[in-house]
Structure formats: C-alpha cells, structure tokens
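Colleague: below are the sequence and a predicted model for it; my questions follow.
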Amino acid sequence: MEPRHTHWVTSADELAELYELPSERAIAKQISYLDQHCRTFIAASPFAVLATCGDAGVNCSPRGDAPGFAHVLDEQTLLIPDRRGNNRLDSIRNILDAPEVGVLFLVPGVEETLRVNGRARVSRDPLIRLRFSVRGSEPATVLVIHVREAFIQCSRALVRSRLWDPERHVPRATLPSLGTVLAAHTSGRVDADEYDRGAAARVNETRY
C-alpha cells in the first residue's frame, strides 16, 4: 500500500508531535571518546556495519573478522582494516567524498550494540597495515576514524528480532543461493550452478 501523500513528515516540528522527548539517560549516555567499556565491547566484537554517504549516495557495508578486528589506538582513534572483498570500494569512495561515518558493533549473544560516529580517513601507511597482517596478507588500506561520539544502544531491536535465538535461525536452503541471485541480477552473465559449486572454496581461499 502506497503511503498517502498527506501523511509525509516534512519538518522537525511535525516529527516532535509524533514522539516523546528522549529520556535524560538517553542523552547523557553519549560520550565523545572511547572509554574502557567501549574498548571492551569493540575487543569482543567480530562484526560491525559501516555507514557512509558520498557523491554516489548512501552505503551500508558489513565488516568482520576475528573478535577485536577493529583496534582502538587511543580514546579518540579507531582503526578498521579494509579486508579483502569485491573491490567495489563503495564505502571507501564515499569516505573520500565525505568523511563522516557511523559504525555499529555487534557481539554474538549480546543484545546491546555499540554505536561509534566520527570522521574517517583512508590510510595506506605500511606500518599501520602491517599491524593487521593475517596469514602474511595485509589489507590494502586501513580506515582511521577520529571518534566524535560513542554510545551503547539498548537491546530492544535485537530482543524484538530474536537475532541470536537458534530457534529463529533460517535454514540456508530456504533462501535462493548466492549464485541464483547473481544469475538473476546479472541477466544470466553468471552461471548459478558453477558459481555455487566453487563458492565455499573461493571464499576460504580469498578470505585475506
């Protein structure tokens, strides 16, 4: 059902009529640096979502590796390696256009999340890249994020979604395979069966 045009929210005043004011706690929890609690959460996190916005538009990209893959250099600086991917470089290109980023850290089994916002730069410094070496392979670049704000996010979204509940896990076979999707989205330029047969080995061989 298409929303009726008379019901679009178009101003901050209209928005204020629809929501209660945030609690004092929700405002006060925001800090401008990474304290020990933030560091502990980041060190335990194997997965984050990076949000960027540049001339090409908005992008939201997954980032993941062993827990602690993102390093806290100091209370104002967060380092995130750009591990091997599809080389579209959507997020990095956006950062070159506009450095503001948002990062959402998740920890498996934990229903709270950590939000970190700041300004990012893309580094190719050999010494910085070397500290993220895995299996003798270094990331091509590392994101250096100057932290502007950080705060813990309450558990409501993950509680509602039951994200970590094994009983809610979806069997992979109930969804189309990656090869099937790529074949459809590339108008047949990808052979679904051939792609799927080599997918597991390809990911393992090119992980780093």
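Modeller: Yes, it's here.
Colleague: could you list the domains of this structure?
Modeller: 25-161, 170-205 (automatic domain parsing).
Colleague: other residues contacting the top helix by length along the chain?
Modeller: Longest helix of the chain, by residue count under DSSP state H: helix 192-205. With contacts defined as CB atoms under 8 Å, 6 or more residues apart in numbering, helix 192-205 is touched by 177, 178, 179, 180, 182, 183. Yep, even glycine has a C-beta here, placed from its N, CA and C like the rest.
Colleague: who wins on neighbours among those residues?
Modeller: With neighbours taken as other CB atoms under 10 Å, the top of the contacts of helix 192-205 is residue 183, carrying 20 neighbours.
Colleague: circling back: how about TSV for the contacts of helix 192-205, with distance to residue 42, pLDDT and secondary structure added?
Modeller: Listed next are the contacts of helix 192-205 as TSV, based on distance: CB to CB, whole Å; pLDDT from 0 to 100; DSSP: H, G, I helix; E, B strand; the rest coil:
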residue	distance to residue 42	pLDDT	secondary structure
177	33	97	coil
178	29	96	helix
179	34	97	helix
180	36	97	helix
182	33	96	helix
183	38	97	helix
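Colleague: nearest to residue 37 among the residues you listed?
Modeller: Distance to residue 37, by CB to CB, is smallest for residue 178 among the contacts of helix 192-205, at 37.2 Å.
Colleague: residue 139 contacts residue 85, doesn't it?
Modeller: No: with contact defined as CB atoms under 8 Å, residue 139 does not count as touching residue 85 (10.1 Å).
Colleague: helix, strand, or coil at the most centrally placed residue in the chain?
Modeller: Of all residues in the chain, the one closest to the mean position by CA atoms, centre = their mean is residue 49, 0.8 Å from it. Secondary structure, DSSP: H, G, I helix; E, B strand; the rest coil: residue 49 is strand.
Colleague: make 29 the starting number, not 1.
Modeller: With the count now opening at 29, the last piece we talked about shows up as residue 77.
Colleague: tell me who's in contact with the spatially closest residue to it that is not a sequence neighbour.
Modeller: Distances taken as CB to CB, 6 or more residues apart in numbering put residue 132 closest to residue 77, at 4.5 Å, once the chain neighbours are dropped. Residues in contact with residue 132, defined by CB under 8 Å, 6+ apart, are 76, 77, 79, 141, 142, 143, 181.
Colleague: among the residues you listed, who's most crowded?
Modeller: Highest count within those by other CB under 10 Å belongs to residue 142, 23 neighbours.
Colleague: where does it land on pLDDT?
Modeller: Looking at residue 142, its pLDDT is 98.
Colleague: same question for residue 33.
Modeller: 75.
Colleague: which parts of the helix or strand bottoming out on mean pLDDT in the chain are buried?
Modeller: Using mean pLDDT, DSSP states H and E, the weakest-scoring helix or strand in the chain turns out to be helix 220-233, at a mean of 93. By neighbour count on 16 or more other CB atoms under 10 Å, the buried set for helix 220-233 is 220, 223, 224.
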